[in-house]
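In: got a predicted structure plus its sequence, pasted below:
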Amino acid sequence: QVQLVESGGGLVHPGESLRLTCTVSGRPVNDYDIGWFRQAPGKGREGVSCIRREGSTWYLDSVQGRFTISRDRAKNTVTLQMNSVKSDGTAVYSCATDCRQGWAGSWGQGIQVTVAS
């Protein structure tokens, strides 16, 4: 059974960088499309980025050019590098085994990212 665990969250100032890591266990990471999602306070969950099995990537328009998703097969991880973070990036970030949240069979527990001065 596949399991996902997020790490790297915390408090960051606007304009700074933060790296989130999704560690996959139980199956090879490249067996799945891996998506990053976030849920801000009082809002619904939205997709942020995704890396598909064949390596193609997708980004939410508002993070395009600032966030980068990558996969490390040796470490069985997917990383979301977030640069120039904005205050609207405050949310619980989760990774999951699909680019579409309605199709994801497995989710990590989520990790808090707070962007504040």
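Out: Noted; the coordinates are in hand.
In: average pLDDT across stretch 77-85?
Out: Stretch 77-85 shows a mean pLDDT of 98.
In: so for it, what gets flagged as buried?
Out: 77-82, 85 (16 or more other C-beta atoms under 10 Å). Any C-beta I mention is one placed from the backbone N, CA and C, and that applies to glycine too.
In: please apply the same query to stretch 86-98.
Out: Neighbour counts over stretch 86-98 (16+ other C-beta under 10 Å) mark 89-98 as buried.
In: need those in a markdown table (columns: distance to residue 73).
Out: Shown next, in a markdown table, are these (distance: C-beta to C-beta, whole Å):
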| residue | distance to residue 73 |
| --- | --- |
| 89 | 28 |
| 90 | 31 |
| 91 | 28 |
| 92 | 27 |
| 93 | 22 |
| 94 | 21 |
| 95 | 16 |
| 96 | 19 |
| 97 | 16 |
| 98 | 18 |
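In: what is the nearest of those to residue 63?
Out: residue 89 (8.1 Å; C-beta to C-beta).
In: in what helix or strand does residue 92 lie?
Out: According to DSSP states H and E, residue 92 maps onto strand 91-96.
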